[in-house]
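# give me a model of this one.
(one chain, ligands or ions: 1)
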Amino acid sequence: MCGIVGYIGNRQAAPLLLEGLSRLEYRGYDSAGICVANGELHVEKAKGRLQNLAEKTQNGALLPGTLGIGHTRWATHGQPNDVNSHPHLSENGKVAIVHNGIIENYLELREYLEAKGIRFTSETDSEVVAQLLEVCMQETGTVMDALYMVLHRISGAYALGIISADEPDVMYAARKDAPLLIGFGAGENFIASDVTALVRHTRDVVYLEDGEVAAVSRGGVQIYNAMGQPIEKEHHHIDWEISAAEKGGYEHFMLKEIMEEPEALRRAISPRIREGRVVFDGMQMDLSGYARIMIIACGSSYHVGMVGKYNIEKLCRIPVEVILASEFRYCDPIIDEKTLAVVISQSGETLDTMAALREAKRRGAKILSIVNVVGSSIARESDEVIYTYAGPEIAVATTKAYSTQMAVLDLLAIHLAGLRGTIDEAQYRSFVDAAARIPEQVSEILNDRDRIQYYASLYFNHDSVFFIGRNLDYALGLEGSLKLKEISYIHSEAYASGELKHGTISLIEPGTLVVALGTYTPLFEKAMSNVIEVKARGANVLALTTASNCAEMEKRVDAILSIPDTELPLLPLLGVVPLQLFAYYVALQRGCDIDKPRNLAKSVTVE
Ligand code: F6R
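Model (predicted):
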């Protein structure tokens, strides 16, 4: 999705803006632009990769000045081109803005401004902010007062960065429903939509909340609430290493992040196991009284929720509903005070998930979120948050964040089962011990990646793939299938194996690739029957099972992958790793843009 960076200080702004934007490339974009103040406002934009903008500006040298804003745009309103990309200037060229989000009433505002004789240059919703600022400034004389007038007139979601030729010593920022933060330096300050853009320059940040406005100058920052009153905000320290957001010798971030899974899982699991018990330090929420759980998420995070449903229902005997955030928002959900809403989001900024969280809260649910990005909007608005500690995830397709979300949800299921007394002490101990061994077992799977690469080289040419499995293997198949389709562009579907003969089996013909998941031991025999069923129709079967069932499965299939044995609820934590690697190597073989698949964005901050 779109990215914002802004700088004010004593260094040249343009090279810093370009560098900051390059850190946001992973979020997905189709054009970029920067604006630097130097007496007047100078704007350069370029369609396509940031490299085009760097070349056009000679790495920023053509835009001298120490105050500027930059943007990577992911087109929503209007084609990706030089006109529609940001920054947008007001008609008199005095104000420049960058905007993430959507101005919902832009058509009405555009008509109003056009009636006043303002001429628009782009098709975007964002340009109305620049034009309206200019008009309001004629009344107020200052950007700050005009900005408050504008914020009262626009509806929708926004993170805004604003500079004006008339105020060369200040940059403004405002936020509602789209992330924005301020970075504090010495004699220089920054704004950004994502901390990765700033971390090379400062680790001292403040997250803006909805309705807040910041006036950022070289020597300091003043933040105001929605009523325009000055406020003090808590500073956060970013403690992850810069190297965590660099490739470190790997060809792709995705492979690097898969290889980081043992360490990420260790960070997610180890601090939560003490003396054989699951502990969530600092948790205030009393988890014992809930009669029902609703898990709300999107995409891969939703797939984690599916695993959670099977595990929580089995271990804790509480009904669990997993619901896509985009559906939850509009389905008039039935919620009472006995419902716990578990919201899962890597970025903590997904707009649908955020809106669903607010809706659940409005209806009286308590919110427990599982989030990777510390200080993100979802984390801040939840009653309780459990962080996954996966570290920054740059590849658009999630891997280590998915795995750590699942690890945390598994620990939560074990913890809840312990609280409710629905598993006995021996089972509890055994689950906890098995959870502690997971990082090591994931390392074992990673050591066998050459075999997975070999299978990818056999199967990368297929047009269509089916993932089948039952129970936890079905939930696992959903993720395996999404991973493959999003980065390799192979059409792929996941089915509960029992559903095959209710329709899908008609698609199986000689040569069709079926990835048969048979890790869930209690249903292994059923998995075998489904393998036999699709083999009989000529499918090529790549199976995934546990070490103890490998020999049995191997007799029936064309290719086999196995994972170490573990306790049943934890199987998908291991099972997903070969599927992530398979997707990666297939995409590599097909020459795809693995870290930035077409049309996708890392954090989906529009509906
Ligand atoms: C797929 C993927 C997406 C995200 C989804 C939710 O690889 O990464 O499906 O899982 O967009 O994102 P978060 O977890 O940030 O809310």
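# in the stretch 101-250 of the chain, which residue sits closest to the ligand?
Of the stretch 101-250 of the chain, the residue with the smallest distance to the ligand, taken as CB to the nearest ligand atom, is residue 179 at 11.4 Å. Where C-beta positions appear, they are placed from N, C-alpha and C, glycine not excepted.
# residue contacts, residue 181?
Contacts of residue 181 were listed using CB atoms under 8 Å, 6 or more residues apart in numbering, and they are 191-193, 195, 198, 205-208, 375.
# distance of it from residue 103?
21 Å (CB to CB, to the nearest Å).
# follow-up on the earlier one: okay, now the residue of the stretch 101-250 of the chain closest to the ligand: neighbour count?
By other CB atoms under 10 Å, 26 other residues sit near residue 179.
# dump the contacts of residue 181 to a markdown table, plus secondary structure and pLDDT.
As requested, the contacts of residue 181 are arranged in a markdown table below (DSSP: H, G, I helix; E, B strand; the rest coil; pLDDT from 0 to 100):
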| residue | secondary structure | pLDDT |
| --- | --- | --- |
| 191 | strand | 98 |
| 192 | strand | 97 |
| 193 | coil | 93 |
| 195 | helix | 89 |
| 198 | coil | 92 |
| 205 | strand | 95 |
| 206 | strand | 95 |
| 207 | strand | 93 |
| 208 | coil | 94 |
| 375 | coil | 80 |
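# from the residues you listed, which is closest to residue 581?
Within the contacts of residue 181, the smallest distance to residue 581 is 28.6 Å, found for residue 195 (CB to CB).
# give me every residue that touches residue 162.
The neighbours of residue 162, taking CB under 8 Å, 6+ apart as the test, are 69, 95-97, 133, 143, 147, 171-174.
# let's see which of those residues end up in helices.
Cross-referencing the contacts of residue 162 against helices under DSSP state H gives 133, 143, 147.
# of the residues you listed, closest to residue 422?
Using CB to CB, residue 147 is the member of the ones in helices among the contacts of residue 162 that lies nearest residue 422, at 54.5 Å.
# residues contacting that closest one?
If you count contacts by CB under 8 Å, 6+ apart, residue 147 has them with 133, 136, 162, 172, 174, 213.
# and the ligand, which of these reach it?
Near the ligand, judged by CB under 6 Å from any ligand atom, there are no entries from the contacts of residue 147.
# near the ligand, which residues of the protein are found?
If contact is defined as CB under 6 Å from any ligand atom, the residues of the chain in contact with the ligand are 298-301, 345-347, 350, 353, 397-398, 482, 486, 603-604.
# just the buried residues from the contacts of residue 181, in ChimeraX please.
What follows is the ChimeraX syntax for the buried subset of those, where burial is set by 16 or more other CB atoms under 10 Å:
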select :191,192,193,195,198,205,206,207,208,375
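# could you measure from the residue nearest to residue 449 when sequence neighbours are not counted over to residue 441?
With CB to CB, 6 or more residues apart in numbering as the criterion, residue 449 has its nearest non-adjacent residue at 5.3 Å, and that residue is residue 581. From residue 581 over to residue 441 the distance is 15 Å, taken as CB to CB.
# please apply the same query to residue 493.
Residue 493 sits at a distance of 29 Å from residue 441 (criterion: CB to CB).
# mind listing the helices for the stretch 351-500 of the chain?
Assigned helices in the stretch 351-500 of the chain, in chain order: 351-362, 377-381, 400-420, 425-447, 449-459, 472-488 (criterion: DSSP state H, counting those that start in this stretch).
# how far is the longest one from where the chain is centred?
Right, helix 425-447. Distance, stretch centre to chain centre, for helix 425-447: 27 Å (CA atoms, centre = their mean, to the nearest Å).
# quick one, what contacts whichever residue of the stretch 151-300 of the chain sits closest to the ligand?
Proximity to the ligand, evaluated over the stretch 151-300 of the chain using CB to the nearest ligand atom, is greatest for residue 299 at 1.9 Å. Going by CB under 8 Å, 6+ apart, residue 299 touches 398, 482.
# give me the pLDDT for it.
At residue 299, the model reports a pLDDT of 97.
# do residue 503 as well
According to the per-residue confidence, residue 503 scores 89 in pLDDT.
# and it, how many neighbours?
Look at residue 503: counted by other CB under 10 Å, it has 9 neighbours.
# gap between it and the ligand?
With the distance defined as CB to the nearest ligand atom, to the nearest Å, residue 503 ends up 25 Å from the ligand.
# same check on residue 414?
Using CB to the nearest ligand atom, which is the criterion applied here, residue 414 is 22 Å from the ligand.
# same question for residue 392.
Per CB to the nearest ligand atom, residue 392 is found 12 Å from the ligand.
# which residue packs closest to that residue, ignoring adjacent ones?
For residue 392, the spatially nearest residue (CB to CB, 6+ apart) is residue 245, at 4.7 Å.
# care to break this structure down by domain?
Following automatic domain parsing, one gets these domains for the chain: 3-239, 247-443, 448-591.
# below-threshold pLDDT in this structure: ranges please.
Applying pLDDT under 70 to the predicted model, the chain contains no residue that meets it.
# give me the more crowded residue out of residue 493 and residue 441.
Neighbours were tallied for residue 493 and for residue 441 using other CB under 10 Å; the higher tally belongs to residue 441 (20 against 15).
# report the contact partners of the more buried one.
563-564, 566, 574.
# may I have the phi/psi pair for the spatially closest residue to residue 452 that is not a sequence neighbour?
Counting by CB to CB, 6+ apart, residue 452 lies nearest to residue 581, which is 4.4 Å off, once chain neighbours are set aside. As for residue 581, its main-chain torsions (degrees, to the nearest 10) stand at phi -70, psi -40.
# surely residue 581 touches residue 447?
No - contact between residue 581 and residue 447 fails when scored by CB atoms under 8 Å: they sit 11.3 Å apart.
# who's more crowded, those two?
Between residue 581 and residue 447, counted using other CB under 10 Å, the more crowded position is residue 581 (26 against 9).
# send me stretch 600-607 as PDB with only the CA atoms.
Taking only C-alpha atoms (Å, rounded to 0.1, in the frame of the first residue of the first chain), the coordinates of stretch 600-607 have been written out as PDB:
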ATOM      1  CA  LEU A 600      -0.400  -7.200  -3.800                       C
ATOM      2  CA  ALA A 601       0.600  -5.000  -0.900                       C
ATOM      3  CA  LYS A 602       2.100  -5.800   2.400                       C
ATOM      4  CA  SER A 603      -0.400  -4.000   4.600                       C
ATOM      5  CA  VAL A 604      -3.800  -3.500   3.200                       C
ATOM      6  CA  THR A 605      -4.900  -0.100   4.500                       C
ATOM      7  CA  VAL A 606      -7.800   0.300   2.100                       C
ATOM      8  CA  GLU A 607     -11.100  -1.600   2.000                       C
END
